[in-house]
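K.L.:
heads up, no residue letters with this:
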């Protein structure tokens, strides 16, 4: 299967720009990329606090005598069919799945898509990510303590970098800073790598109502233009103590994330 025929899996830590990429992809005439569907997060019960975890579908299915991989494969097939049907209904030839948590489940995606997929890794300066997280909260998805936020970020991005290293031919890293300062050039590179023609209208249509509403960053719907106003915000939004904590935890890996 050529890259142009493969599904597109988008991942990146929270507040890194994945919602913007999702909408830009969905604005392309050949690609359907709807709002987040938390398949793997539900499958693995991967929530910070869920008082009903013990009665969820995927928590109770093992009582039928099914193994975790069997459950994944059964419901994973339906998940893929749902993506394919949604793309057909939208008149699109290709589908994409966007979730920050995709970084943690890339090996699982390989089981669901044995024919292959392409991975788009969205990265952003980690201190800007942390500054943005402090503003937006995401209490149900991200730990409350700052030190734990940094550790969570490191886990996500390290997984993305690990996968990139293992599968460089089917991985594409897109930097938020490049996207918002030079959107046309950055998107031309992305779509060219995906085997698609660049369509200038994606930069105008990404905010249209037809992109749908669901689980995604709430700020993405507040603008109809790609802008770079949030680049470098960490310099005023983080305290010296927070910066010191972040750099200590990220360590030598920081150079891998930094633009």
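P.N.:
That came in fine, so what should we check first? Since the structure is predicted, the reported quantities are computational estimates derived from the model, not experimental observations.

K.L.:
leaving aside the residues next to it on the chain, what's closest to residue 92?
P.N.:
Closest residue to residue 92 apart from its sequence neighbours, by Cβ to Cβ, 6 or more residues apart in numbering: residue 32 at 4.0 Å. Yep, even glycine has a C-beta here, placed from its N, CA and C like the rest.

K.L.:
just residue 13 next, same as before
P.N.:
In space, and not counting its chain neighbours, residue 13 is closest to residue 156: 4.3 Å by Cβ to Cβ, 6+ apart.

K.L.:
quick one, phi psi at residue 120?
P.N.:
phi -110, psi 110 (degrees, to the nearest 10).

K.L.:
Quick check, it in contact with residue 174.
P.N.:
Yes - Residue 120 lies in contact with residue 174 (Cβ atoms under 8 Å); the separation is 6.2 Å.

K.L.:
what sits in contact with each of these two?
P.N.:
21, 190 (Cβ atoms under 8 Å, 6 or more residues apart in numbering).

K.L.:
Just the strands from the stretch 101-250 of the chain, written as ranges.
P.N.:
In the stretch 101-250 of the chain, the strands defined using DSSP state E, counting those that start in this stretch lie at 118-123, 171-175.

K.L.:
Mind giving me the packing neighbours of the longest one?
P.N.:
Counting contacts by 3 or more Cβ pairs under 8 Å, 6 or more residues apart in numbering; DSSP states H and E, the secondary-structure elements packed against strand 118-123 are strand 8-11, helix 18-26, helix 146-166, strand 171-175.

K.L.:
Tell me how many other residues crowd the residue nearest to residue 109 when sequence neighbours are not counted.
P.N.:
Closest residue to residue 109 apart from its sequence neighbours, by Cβ to Cβ, 6+ apart: residue 9 at 5.5 Å. Counted with other Cβ atoms under 10 Å, the neighbours of residue 9 add up to 25.

K.L.:
now residue 9, which residues is it bridged with?
P.N.:
Beta bridges link residue 9 to residue 97, residue 119, judged by DSSP bridges.

K.L.:
isn't it right next to residue 116, touching?
P.N.:
No - Residue 9 lies out of contact with residue 116 (Cβ under 8 Å); the separation is 10.5 Å.

K.L.:
circling back to that earlier point, could you pull up the residues touching the residue nearest to residue 13?
P.N.:
11-13, 100, 103-104.

K.L.:
Among those, pick out the one closest to residue 202, please.
P.N.:
Of all the contacts of residue 156, residue 202 sits closest to residue 12, with 18.2 Å by Cβ to Cβ.

K.L.:
what's the distance between the nearest residue to that closest one once chain neighbours are set aside and residue 81?
P.N.:
In space, residue 12 comes closest to residue 122 once its chain neighbours are excluded; the distance is 3.1 Å by Cβ to Cβ, 6+ apart. Residue 122 sits 26 Å away from residue 81, going by Cβ to Cβ, to the nearest Å.

K.L.:
Go through the helices and strands packed on strand 118-123 and name the closest to residue 109.
P.N.:
Of all the helices and strands packed on strand 118-123, strand 8-11 sits nearest to residue 109, with 5.5 Å by Cβ to Cβ.
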